Structures are given as C-alpha cells and as structure tokens.
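Peer 1: Dropping the sequence and predicted coords here.
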Amino acid sequence: MDCRRCDAVCCRLSVTVMPDDNVPGYLLDTDENGRTVMARNDEGWCAAIDPYHLRCTIYTQRPAICRQFDMGGDDCRLVRQDYRRQQHDLSTIFSTIHP
Ligand code: SF4
C-alpha cells in the first residue's frame, strides 16, 4: 500500500467533523442527517484537497477522523478497490462511445 501511487481516494469518503476539530468554516457542509461534514468538490473529493497535487491543504488542522484513518487498513483497501472499479467502468464506457 503506497499513498504516493494513490489518488487520495480516502479523501472521497464522508468526513464527519467533531466539535473539537478546528476546520475553517468555508470547508464545512451539513449532510442529510444534519451532521457537520467536510464539504466536497464537484469531483467528489474533500473541499480541502489540492486537486493538482492531491494533498490536504489543511494537513495540520485536519479533522480527528482523518488523523485516525488507518492507512492500508480495511477501509483504505475497500475505497481503493471501489475507486479502481469506477475508473475501469468509466474507461469501458468511454471506449464504447469512442472506439
Ligand atoms: S481534511 Fe484533508 S485529510 Fe481529511 S479528507 Fe479532507 S483533504 Fe483529506
């Protein structure tokens, strides 16, 4: 498992922001259950991500849930698998439309 070869797909997961977190307000959103979460950009990544380098722009201020994420753990592997599958499906669709 190597984060350098990953598109930071863990930053596409829903991130609940806790009251003790110190995240700038413009990066926050409210989900359908009324929880405070990290907002997302149009492509589905957390709004705090630098889309060119896929790095967290608030790394020292990132929410506790991000600090606790288990790199290489079950959630990491699952989200990477799902992302790879989505990318594969998209390229299949694209090659069908533009053979
Ligand atoms: S706050 Fe940073 S580490 Fe957490 S999901 Fe957003 S970009 Fe990723």
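Peer 2: Perfect, I can see it now.
Peer 1: can you give me the strands in this protein?
Peer 2: Remark: strands assigned in the chain by DSSP state E are 28-30, 36-38, 49-50, 55-56.
Peer 1: Just tell me which of these ends up closest to residue 83.
Peer 2: strand 49-50 (14.0 Å; C-beta to C-beta). (C-beta placed from N, C-alpha, C; glycine too.)
Peer 1: quick one: strands adjacent to the closest one?
Peer 2: With DSSP bridges as the test, strand 49-50 is paired with strand 55-56 (antiparallel).
Peer 1: on that earlier part again, buried deepest among the strands of the chain, which one?
Peer 2: Ranked by mean neighbour count under mean count of other C-beta atoms under 10 Å, the strands of the chain are led by strand 36-38, which reaches a mean of 21.
Peer 1: So what touches that strand?
Peer 2: Contacting residues not belonging to strand 36-38 are listed as 14-17, 23, 27-31, 46-48, 63 [C-beta atoms under 8 Å, 6 or more residues apart in numbering].
Peer 1: The longest helix seen in the chain and the ligand in contact?
Peer 2: In the chain, assigned by DSSP state H, the helix with the most residues is helix 74-97. No - shown here: helix 74-97 not in contact with the ligand (C-beta under 6 Å from any ligand atom), separated by at least 11.3 Å.
Peer 1: And the contacts of that helix?
Peer 2: Contacts for helix 74-97 (C-beta under 8 Å, 6+ apart): 1, 6-7, 9-10, 12-13, 69-70.
Peer 1: related to what we said a few turns ago, restrict the contacts of strand 36-38 to contacts with the ligand.
Peer 2: For the ligand, the contacts drawn from the contacts of strand 36-38 by C-beta under 6 Å from any ligand atom are 15, 46, 48, 63.
Peer 1: can you list those residues in TSV and add distance to residue 86, pLDDT and neighbour count?
Peer 2: TSV is the format used below for these (distance: C-beta to C-beta, whole Å; pLDDT from 0 to 100; neighbours: other C-beta atoms under 10 Å):
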residue	distance to residue 86	pLDDT	neighbour count
15	19	97	25
46	17	97	24
48	22	98	24
63	24	98	24
